[in-house]
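Chemist: below is the structure, and that's it, no one-letter string:
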């Protein structure tokens, strides 16, 4: 072990308690970007983050406004001759409903069973916080970073990053870098270190079915009107075959086929289908026939209802025909699909499936681009080396099922290679109640990032 | 006009203001039977009603407990040699959501445009109140009623009258009568006086689709799990054909066919399909092909979703696969269907439609029996005469689409002919926001009931 690494480790060991307390302070801010009631909290979180960056020694720190929630920017560019890394994370979190399923309040972080429990502990405030402490360890032990860093921490990732691309385009000049490192992914099943080489894109919209002006008495009117809730069900049912194949004309036209080599690589992943099934608590897995679960997760598109509502949801019985019914519908997209085109195809299919007697609209809420990055880039190889050093094993290379619009923006707009270096445990319950981060992943992740900067400086130098 | 009738009319004219104030006081009690939070209000409403009956001069008044909400009973049996009428109404009301669509708060009754606006103004507190004042007018002018009356006012009609039959069975001895009069129906389109000769029954249940233990991230899990909301849609869509025919094996087996004579009678009703469509605000009516709207409404069964919910319903986007999804489903039933058997058939069909990867249950919430009564009974003819006298025209005879379990109970358990004499305007918006009663219907209805008692005493005497 080099003296530098020994000093970094010693510093991180010594400051563990302070770090956890600061981590909890960050998690206490309910920075839910999707809910307008939390706009104030978004600013509090952004300011908190900016202050921490300044305290560490990062320069040009700015809470940069967008048409939505602000982006926190900061840089340190004094490693002459060394490469520049653009680090991305997000300080916003998912909504917390259904609140009654949280064992501990989502914004009162608690350490238990070696985990930090709170909304955002893993996705993604925990990982943003890891970057702060990797940098802090370098400054406190070596007085400098081994390379140049630009930090970009977004506040709308959980709302589709709708203003991010515009901001990146407007700030292109101060975002020059050699590589982008995004820490918003996680380890493989079994908590095995992994580097994510692909992400899915997203098309998210809302179906609105409207019938009568008002809810109708189901006795007096039943039999003579199209029921909007029945109509909505008919539409949704028509979007997929019983086998789970998406039944939208042209939907799969641009999907990049899974090559025999892709299949061979993905088949190497030690995916435990039975453990996966048991952990999520379903009677059986379900998906497109003839594919590996890891292929369905990373290399094939989806169509899912994220929410559905209309009419009476209360206790007991209310005999109405609801005036309207609604659903949130989203598709995960893979290479080489076009989100806008997918929206148009789904919209046209929904319109075609709409039964008589109701009005049907499908409105786009947001889209996100997929990404697929090479495994043999020096930046990826340096990340693998840092993981090997800290976790004692080579990482797996997987394709993530989720979407990080920033990955696509950095690749397409800035022309950067993107390394998805994330540390969340696979059972972190991001987007669900009782989100948690395994503290071993968090602590080792900080050490991995610290080593990665050195390896990256050497590898890209 | 007889002296009696003139005195009744004069009394009712003179007391109009007092009556409206009392009507409003009754409507102010939020007696929603379906919601347990209103249990106290149910008792307040029952006590209010009992006090009014005693004030009028009704005897043996009792707030009679059931396993649910109490039944208010009272009688007056001093018209020796005259027939006895069993009067039924209900003092409970429907829930009020969606509350934001009410122009005036539902429990702050207001008179506007010749209508009383409030939840329960028409269904059914307004009609219960009409009976109170018909009796009061008789006592105040003649010191007696022209026949014997037993009042039974229920508190669970909007929750399926689940304890009513049991109570009737247990109180059979004190419910002896010659005819049952139920005032819980309304006039025909165009506000034309009508007597309802048939009612539909009901089978009301809930579908519960459960998948993963928790909501899942739609990126990480999408493609490998059956989505409960998609699954629910598939099930619901499979319950009807695109033409609106119910696709449940055996569902129509016991449905009494519409005879050529039934068809001819129903075709006489001046049903304005275009006005009906325009009033409810739908682009087109929709129902079983080849039938009149009045046939679909009164002589054919239905299957409707009354509510549907699951996953994210909020502002913006939440990328989850919901852990579970639910729907309230009900069928209106006609002669000669069996509610329990209908439940079993629908349940079996739902189970058969359930896709792999989720658990599906269909639970019965309540049932109600249909009824179909003769048009040529003397009690029906006397009601027609009273209507003719007050409203200046013969009533129409129609089949209602709704369900009043009490009608079936009185017919099957007590062997009584049932007259459905209701006065609600067809645009009263029972079960919907902004329920209202046209005050002309209310006032003339009181006079009709007062005359009906005299005609009934003569007709059945």
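Modeler: In hand now; what should we look at? It should be emphasised that the depicted structure is a prediction, and the values quoted were computed from it without experimental measurement.

Chemist: CA only for contacts and neighbour counts going forward, please
Modeler: OK.

Chemist: helix or strand for residue A:345, which one?
Modeler: helix A:339-353 (DSSP states H and E).

Chemist: which other helices and strands does that helix contact?
Modeler: Using 3 or more CA pairs under 8 Å, 6 or more residues apart in numbering or on different chains; DSSP states H and E, the elements in contact with helix A:339-353 are strand A:201-210, helix A:228-237, strand A:359-368.

Chemist: list the buried ones in it?
Modeler: A:339-340, A:342-343, A:345-350, A:353 (16 or more other CA atoms under 10 Å in any protein chain shown).

Chemist: any idea what residue A:332 is bridged to?
Modeler: For residue A:332, the beta-bridge partners under DSSP bridges are residue A:202.

Chemist: show me what contacts it?
Modeler: A:200-203, A:301-303, A:401-403, B:219, B:222 (CA atoms under 8 Å, 6 or more residues apart in numbering or on different chains).

Chemist: same list (the residues you listed) but as a markdown table, adding neighbour count.
Modeler: As requested, these are arranged in a markdown table below (neighbours: other CA atoms under 10 Å in any protein chain shown):
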| residue | neighbour count |
| --- | --- |
| A:200 | 31 |
| A:201 | 28 |
| A:202 | 32 |
| A:203 | 25 |
| A:301 | 26 |
| A:302 | 28 |
| A:303 | 26 |
| A:401 | 30 |
| A:402 | 25 |
| A:403 | 30 |
| B:219 | 27 |
| B:222 | 28 |
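
Chemist: what lies in contact with the helix holding residue A:345?
Modeler: Contacts of helix A:339-353 (CA under 8 Å, 6+ apart): A:201-203, A:234-236, A:238-239, A:248-251, A:333, A:360-364, A:367-369.

Chemist: domain map for chain A?
Modeler: With domains defined by automatic domain parsing, chain A comprises A:3-199+A:370-460, A:201-255+A:301-368.

Chemist: return the most buried member of those domains.
Modeler: Across the domains of chain A, averaging neighbours per residue (mean count of other CA atoms under 10 Å in any protein chain shown) puts domain A:201-255+A:301-368 on top, at a mean of 23.

Chemist: I figured residue A:429 hits residue A:438, correct?
Modeler: No: with contact defined as CA atoms under 8 Å, residue A:429 does not count as touching residue A:438 (11.4 Å).

Chemist: tell me which of the buried residues of helix A:339-353 is nearest to chain B?
Modeler: Set against chain B, the nearest of the buried residues of helix A:339-353 by CA to the nearest CA is residue A:353 (10.2 Å).

Chemist: follow-up on the earlier one: okay, the domains of chain A in CSV with mean pLDDT next?
Modeler: As requested, the domains of chain A are exported to CSV (pLDDT from 0 to 100):
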stretch, mean pLDDT
domain A:3-199+A:370-460, 94
domain A:201-255+A:301-368, 96
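
Chemist: any chance of JSON lines for those domains, columns distance to residue B:443?
Modeler: Formatted as JSON lines, these follow (distance: least, CA to CA, whole Å):
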{"stretch": "domain A:3-199+A:370-460", "distance to residue B:443": "49"}
{"stretch": "domain A:201-255+A:301-368", "distance to residue B:443": "24"}
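
Chemist: among the ones you listed, which is nearest residue B:92?
Modeler: domain A:201-255+A:301-368 (12.8 Å; CA to CA).

Chemist: quick one: closest of the helices and strands packed on helix A:339-353 to residue A:175.
Modeler: Among the helices and strands packed on helix A:339-353, strand A:359-368 sits nearest to residue A:175 (CA to CA), with 20.6 Å.

Chemist: run the chain-centre distance for stretch A:244-263.
Modeler: 23 Å (CA atoms, centre = their mean, to the nearest Å).

Chemist: and if you look at stretch A:147-162?
Modeler: 12 Å.

Chemist: ok, now stretch A:351-368?
Modeler: 26 Å.

Chemist: next, give phi and psi for whichever residue of the stretch 101-250 of chain A sits closest to chain B.
Modeler: The stretch 101-250 of chain A approaches chain B most closely through residue A:219 (3.7 Å), counting by CA to the nearest CA. Here is the backbone geometry of residue A:219 (degrees, to the nearest 10): phi -80, psi -50.

Chemist: got it, and residue A:80?
Modeler: In terms of degrees, to the nearest 10, the main-chain angles of residue A:80 are phi -60, psi 130.

Chemist: contact partners for it?
Modeler: residue A:147.

Chemist: quickly find the element holding residue A:457.
Modeler: Counting by DSSP H and E, residue A:457 is part of helix A:439-460.

Chemist: other SSEs contacting that helix?
Modeler: helix A:3-14, helix A:125-142, helix A:378-391.

Chemist: okay, those in a markdown table with distance to chain B next?
Modeler: Conversion of the helices and strands packed on helix A:439-460 to a markdown table gives the following (distance: least, CA to the nearest CA, whole Å):
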| stretch | distance to chain B |
| --- | --- |
| helix A:3-14 | 32 |
| helix A:125-142 | 17 |
| helix A:378-391 | 22 |
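
Chemist: so how far is stretch A:436-448 off the chain centroid?
Modeler: With CA atoms, centre = their mean, you get 18 Å for stretch A:436-448.

Chemist: quick one: residue A:436 and residue A:310, what's the gap?
Modeler: Here residue A:436 is placed at a distance of 33 Å from residue A:310 (CA to CA, to the nearest Å).

Chemist: next: residue A:329.
Modeler: 15 Å.

Chemist: possible to save the helices and strands packed on helix A:439-460 as CSV with distance to residue A:423?
Modeler: What follows is those, written out as CSV (distance: least, CA to CA, whole Å):
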stretch, distance to residue A:423
helix A:3-14, 17
helix A:125-142, 7
helix A:378-391, 10
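
Chemist: out of the ones you listed, which is closest to residue B:71?
Modeler: Across the helices and strands packed on helix A:439-460, residue B:71 has its closest neighbour in helix A:125-142 (58.3 Å, CA to CA).

Chemist: let me know the angle separating the closest one from helix A:3-14.
Modeler: Counting by axes from the mean of the first three to the mean of the last three CA atoms, to 10 degrees, helix A:125-142 lies at 120 degrees to helix A:3-14.

Chemist: what helices and strands are in contact with helix A:125-142?
Modeler: helix A:3-14, helix A:16-27, helix A:39-56, strand A:84-90, helix A:439-460.

Chemist: looking at these, which is nearest to residue B:264?
Modeler: The nearest among the helices and strands packed on helix A:125-142, by CA to CA, is helix A:39-56 at 64.5 Å.

Chemist: identify the residues contacting that closest one?
Modeler: Helix A:39-56 is contacted by residues A:26, A:29-33, A:59, A:61-63, A:69-74, A:91-92, A:132, A:135-136, A:139, A:155 when judged by CA under 8 Å, 6+ apart.

Chemist: make it 6 Å
Modeler: Residues from elsewhere that reach helix A:39-56 (CA atoms under 6 Å, 6 or more residues apart in numbering or on different chains): A:31, A:136.

Chemist: same thing with stretch A:360-374?
Modeler: So stretch A:360-374 is contacted by A:160, A:197-209, A:334, A:347, A:405, A:408 (CA under 6 Å, 6+ apart).

Chemist: next: stretch A:151-165.
Modeler: Residues contacting stretch A:151-165 (CA under 6 Å, 6+ apart): A:33-34, A:69, A:71-75, A:87-92, A:94, A:366.

Chemist: now, which of those residues sits nearest chain B?
Modeler: The nearest one, if we look at those relative to chain B and count by CA to the nearest CA, is residue A:34, at 5.8 Å.

Chemist: contacts only, for the closest one.
Modeler: A:159, B:316.

Chemist: 8 Å instead?
Modeler: Residue A:34 neighbours (CA under 8 Å, 6+ apart): A:94-95, A:156, A:158-159, B:315-317.
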